[in-house]
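**Q** What follows is a predicted protein model with its sequence.
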Amino acid sequence: MPAPRTDRTGVVVTGMSVTTAFGRGPEALGRALAAGRPAFAEVTRFDVTRRRAKHAAHLPGDPDLHTELTAVVREAAEQAELTEELAAGTPLLFARHADASWARRPLAEQPRHHHAASGAALAAATGLRGADRTYTNACVAASTAVADAAALIAAGREERVVVAAGYLVDPDVYGLFDAGRALATDGQLRSFSAGRKGLLLGDGVAAVVLEAAPAAERRGARPLARLTGWGRAGDAYHVCQPHPEGLGMARAITAALERAERTPEQVDYVNAHGTGTPYNDSAETAAVHLAFGEHAAKVPVSSTKSLTGHTLEASGAVELAVSLLVLADGRLPVNAGYLGEDPACRLDLVVDAPRPVRPRTVLSLNAAFGGANTALVLEAT
């Protein structure tokens, strides 16, 4: 059995809100997960006529990131029933993309548009104590923020923490990924599938309220789930490619399960990173097999990036919201766009339609350039 936790107190999720290309609010995302239809469409937010790829998963028009973030933080705080007094004592951990357009703005405007300043502005707009940290470490930014928030609470340093994250599809990143031939030219993100062509970007904005279980109980807050485990590990293998044997991801999974005091056999569903790229999907499969052993062939797996697109720095928060909805709804989301088995990705993938399972323990995985890996364990209350 895994070693017992040494945390001083349990961590629960008491509030959540999320916006994706499917619409604003958890209900919109929940309906989309149940339908199992991807949100990809031709890009209309900016000109892609000279790009190889033409598709993304984005909201109509040109939404403002600060406005969208303010809305989800307020909605998560409202669900958690945070009073103004409680909010004023609660720090914000903020994950976002480092906006390339910042450097092109007039010098006088640059200070207030810098990514660090945007966290402070978000905290001020939502009545929080301040933005203690801003994370820009690629696709594990939000999940790292969640792990840090949980560690602060478990150590007794904070009673509650708000984590917010956001990315909106923009021409700079789109052009960068397209030039690198990372975007799928067939308009679908086919995680773990034979014939997969690459990733597609998606809008994602999410916020969660994490809280010490005793503090939530004292004020009568109803937890959405318990965050029982978190793990992080690096493999330092390559600046862009994960270790082909999934060594870093496997260590992150093992650390998260040990903290949660759970064995692989007790995991009911894995919400995978699954970007639809050849290197990532095969390495992640190797990591699941290394960490789960014989149970790797039995645990259901899907990547909801195949529905929402890759939301970059916001991925960990958006997929945490997905995991919360899975625990509440009892259906496992489909791994969309699947064309057939890749021998390097032998997993129990949820294909064709959502699977009714009623899970109690969900594992959410994320990975990033530079060999960073995170794993979060959520359990039903």
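**A** Arrived safely.

**Q** C-alpha from now on. contacts and neighbour counts both.
**A** Noted.

**Q** and the chain, what are its domains?
**A** What the record gives for the chain is the domain set 11-218, 225-379, from automatic domain parsing.

**Q** Just name the most buried of those domains.
**A** domain 225-379 (a mean of 23; mean count of other C-alpha atoms under 10 Å).

**Q** Now that domain: average pLDDT?
**A** Throughout domain 225-379, pLDDT has a mean value of 96.

**Q** And the most centrally placed residue in the chain, its phi and psi?
**A** Centroid check for the chain by C-alpha atoms, centre = their mean gives G316 as the closest residue, at 1.9 Å. Torsion angles at G316 (phi, psi; degrees, to the nearest 10) stand at phi -60, psi -40.

**Q** where along the protein do the helices fall?
**A** With DSSP state H as the criterion, the chain has helices at 26-35, 65-79, 84-88, 110-113, 115-126, 141-154, 171-179, 213-218, 247-260, 278-292, 305-308, 315-329.

**Q** which helices and strands sit right next to the last one?
**A** Packing contacts for helix 315-329, counted by 3 or more C-alpha pairs under 8 Å, 6 or more residues apart in numbering; DSSP states H and E, involve strand 11-20, helix 26-35, helix 141-154, strand 160-167, strand 204-212, strand 361-368, strand 372-379.

**Q** Endpoint to endpoint, stretch 331-340 covers what distance?
**A** Using C-alpha to C-alpha, to the nearest Å, one end of stretch 331-340 lies 22 Å from the other.

**Q** from the middle of its chain, how far away would it be?
**A** With C-alpha atoms, centre = their mean, to the nearest Å as the basis, stretch 331-340 stands 18 Å off its chain's centre.

**Q** Also stretch 118-136?
**A** Relative to the mean C-alpha coordinate of its chain, stretch 118-136 is positioned 19 Å out (C-alpha atoms, centre = their mean).

**Q** Need the contact partners of it.
**A** Here stretch 118-136 makes contact (C-alpha atoms under 8 Å, 6 or more residues apart in numbering) with 66, 69-70, 73-74, 84, 87-98, 112, 115-116, 141-142, 145, 313.

**Q** Quick check: end-to-end length of it?
**A** 12 Å.

**Q** Over to stretch 193-207?
**A** Using C-alpha to C-alpha, the two ends of stretch 193-207 sit 30 Å apart.

**Q** which residue packs closest to the residue nearest to the centre of the chain, ignoring adjacent ones?
**A** Among residues not flanking G316 along the chain, S143 sits closest, at 4.3 Å (C-alpha to C-alpha, 6 or more residues apart in numbering).

**Q** Correct me if wrong: that neighbour contacts N366.
**A** Yes. At 7.2 Å, S143 and N366 qualify as touching, with contact defined as C-alpha atoms under 8 Å.

**Q** list residues touching both of those two?
**A** In contact with both S143 and N366: S315, G316, T374, A375, using C-alpha under 8 Å, 6+ apart.

**Q** so the first one makes contact with T144?
**A** Looking back up the chat, that one is S315. No. Between S315 and T144 there is no contact under C-alpha under 8 Å: 10.7 Å.

**Q** Give me the common contacts of those two.
**A** Joint contacts of S315 and T144 (C-alpha under 8 Å, 6+ apart) do not exist.

**Q** what's near enough to touch R232?
**A** By C-alpha under 8 Å, 6+ apart, the residues touching R232 are T144, M249, R251, A252, I253, A255, A256, A372, N373, T374, A375.

**Q** And for T285?
**A** Contacts of T285 (C-alpha under 8 Å, 6+ apart): G246, A344, C345, R346, L347.

**Q** likewise V162?
**A** V73, T90, P91, L92, L93, A149, A207, V208, V209, L210.

**Q** I'd like to know how far the fourth one sits from L59.
**A** Separation of L92 from L59 (C-alpha to C-alpha) stands at 25 Å.

**Q** and what of the second one?
**A** With distances defined as C-alpha to C-alpha, the gap from T90 to L59 amounts to 30 Å.

**Q** cool, and S193?
**A** 26 Å.

**Q** One more: H289?
**A** H289 is 36 Å from L59, by C-alpha to C-alpha.

**Q** Then G195?
**A** Remark: distance between G195 and L59 (C-alpha to C-alpha) = 28 Å.

**Q** For the residue lying closest to A215 once chain neighbours are set aside, which residues are in contact?
**A** Once flanking residues are discounted, A215 sits nearest to E159: 6.5 Å by C-alpha to C-alpha, 6+ apart. Counting by C-alpha under 8 Å, 6+ apart, E159 touches T90, I153, E211, A212, A215.

**Q** Tabulate these (CSV), appending pLDDT.
**A** Below are the contacts of E159 laid out as CSV (pLDDT from 0 to 100):
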residue, pLDDT
T90, 98
I153, 97
E211, 98
A212, 98
A215, 97
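
**Q** Output those residues as TSV; include the columns distance to G10.
**A** Formatted as TSV, those follow (distance: C-alpha to C-alpha, whole Å):
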residue	distance to G10
T90	17
I153	8
E211	8
A212	6
A215	10
